[in-house]
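S.K.: Sequence and computational prediction follow.
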Amino acid sequence: MSAQLKSSTHGLTMVLTVSNPGQRNALGPAIYAAGIEALNVAETNPDVRSVILIGEGTTFCAGGDLNRLQANRQQPPAVQTQSIDQLHGWIEAIRAFPKPVIAAVEGYAAGAGFALALSCDLIVAASDAVFLTSYGQVGLSPDGGTSWQLARSLPRQFASELLLAGERIGASRLHALGLVNRVCEPGHALDTALALAVQVNAQAPNVLASGKELLETAVHNSLHAHLAEEQEHFVRNLNHPNAGIGIAAFLNRQAPEFE
């Protein structure tokens, strides 16, 4: 069976499943393209408030397809350059997507699979999940924004341990470092992610979009510039219908039903 990205809907959440179980859900250009297309569809669908990304079976994603990479060594470098462009396009699409994306990790998240999980806004992981960069073990350097994400999320020495020593790291340690949001029993990552999605989906969609955008720009802004950006978002959201719905519901001790 060829690699594919399956899509299903659970309430207000779209679940995208990387399906390539014969190769531990290894990634390739077809999945990159499908991932971007799925996010484009979800962005314009008001019935989708969040997205969960999972791998089929007991592995989240083993990274790139090594057989394909070996074959690409016999091709002009432009072939692999184009493939990485597609991967990076998907990573950037996840980061720019205005709705929360949750990674539900079972088993291994290795190489580009680790990068894929890191690109998500929230990570739920089974207690026996294993995260590793794995690039050095096959003579390669990181892609998918792995080094960018780790450098911004972890102390430099620990990020170096992951990238330079190929250290395997468990979900509990990443949870302690703040990189994993929820740790659950093996086999329950999707259920736990869906429960988290319900909590996320209860927030106003326009505010979720503002939150993602503000978090993305905060690391580059000065305090003064970011205060101005927060002010702009706040005023815009105050004048959105959802602010009226939310404030009235709070004052009346009711649950809001946002547009």
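M.R.: Ah, there it is.
S.K.: quick one, strands of the stretch 101-250 of the chain?
M.R.: Using DSSP state E, counting those that start in this stretch, the strands of the stretch 101-250 of the chain run over 101-105, 108-110, 122-126, 130-132, 169-170, 182-184.
S.K.: Kindly compare burial across those strands and name the winner.
M.R.: Compared across those, strand 101-105 shows the largest average neighbour count, a mean of 28 (mean count of other C-beta atoms under 10 Å). In this view, the C-beta of every residue, glycine as well, is placed from N, C-alpha and C.
S.K.: can you put the strands of the stretch 101-250 of the chain in a markdown table and add mean pLDDT and distance to S153?
M.R.: Shown next, in a markdown table, are these (pLDDT from 0 to 100; distance: least, C-beta to C-beta, whole Å):
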| stretch | mean pLDDT | distance to S153 |
| --- | --- | --- |
| strand 101-105 | 98 | 14 |
| strand 108-110 | 97 | 14 |
| strand 122-126 | 98 | 11 |
| strand 130-132 | 97 | 12 |
| strand 169-170 | 96 | 12 |
| strand 182-184 | 98 | 16 |
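S.K.: mind putting those in a markdown table, distance to H233 included?
M.R.: Converted to a markdown table, these look like this (distance: least, C-beta to C-beta, whole Å):
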| stretch | distance to H233 |
| --- | --- |
| strand 101-105 | 20 |
| strand 108-110 | 32 |
| strand 122-126 | 20 |
| strand 130-132 | 32 |
| strand 169-170 | 35 |
| strand 182-184 | 27 |
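S.K.: residue contacts, G170?
M.R.: Shown in contact with G170 (C-beta atoms under 8 Å, 6 or more residues apart in numbering): S127, D128, A129, V130, F131.
S.K.: and if we set it to 7 Å?
M.R.: Counting by C-beta atoms under 7 Å, 6 or more residues apart in numbering, G170 makes contact with V130.
S.K.: And for N206?
M.R.: Counting by C-beta under 7 Å, 6+ apart, N206 touches N237, H240, N242.
S.K.: Which pLDDT value belongs to it?
M.R.: Reading off the confidence values, N206 has pLDDT 97.
S.K.: What of Q137?
M.R.: The model's pLDDT for Q137 equals 89.
S.K.: Please apply the same query to the one 5 residues further on.
M.R.: With respect to pLDDT, P142 scores 94.
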